[in-house]
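> structure of the sequence below:
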Amino acid sequence: MTDSYRKHRKEVHQEGSFVFDFDSEEIIEEFTYWFIITNKFPYDAITQTHHMLAPKRFFGTPKEMNDNERVELEDIKEQLVERYDGLWENLGHKRSVPAHFHIHLFEWKHCDDNPIL
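All right, here's what the predicted structure looks like:
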């Protein structure tokens, strides 16, 4: 875990709240209800690309998605099959910011055309 990520987690937990500022994020692609953004704290030991898919509306669990967000999310997932190796969703209690729903999008690092894992 990098020092900058430790500092980020500490600040988030001390303040007790988190505001996700999409204006300060690098937006890779924008949809009606979702963004693909760069991950400020990538798992770069095992991934060559690490982005996040995050809703424009702030919520913490998939149950809080409205029907439009859910339908678009399924459409986006179908589009991502060719671009990423995997999608990773941490459950709420294991997220660094439990109230911020997001999905990690990644490509594994490869060595001789085989994933490291």
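> okay, now the unreliable bits of this protein?
Applying pLDDT under 70 to the chain flags the ranges 1-25, 41-42, 91-99, 111-117.
> what packs against whatever helix or strand residue 53 lives in?
Using DSSP states H and E, residue 53 sits in strand 47-55. If you count contacts as 3 or more C-beta pairs under 8 Å, 6 or more residues apart in numbering; DSSP states H and E, strand 47-55 packs onto strand 34-38, helix 67-80, strand 103-108. (Glycine included, C-beta is placed from N, CA and C.)
> how about 7 Å then?
Other helices and strands packing on strand 47-55, by 3 or more C-beta pairs under 7 Å, 6 or more residues apart in numbering; DSSP states H and E, are strand 34-38, strand 103-108.
> distance to residue 55 and mean neighbour count added to those strands, as CSV?
Below are the helices and strands packed on strand 47-55 laid out as CSV (distance: least, C-beta to C-beta, whole Å; neighbours: other C-beta atoms under 10 Å):
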stretch, distance to residue 55, mean neighbour count
strand 34-38, 6, 19
strand 103-108, 10, 19
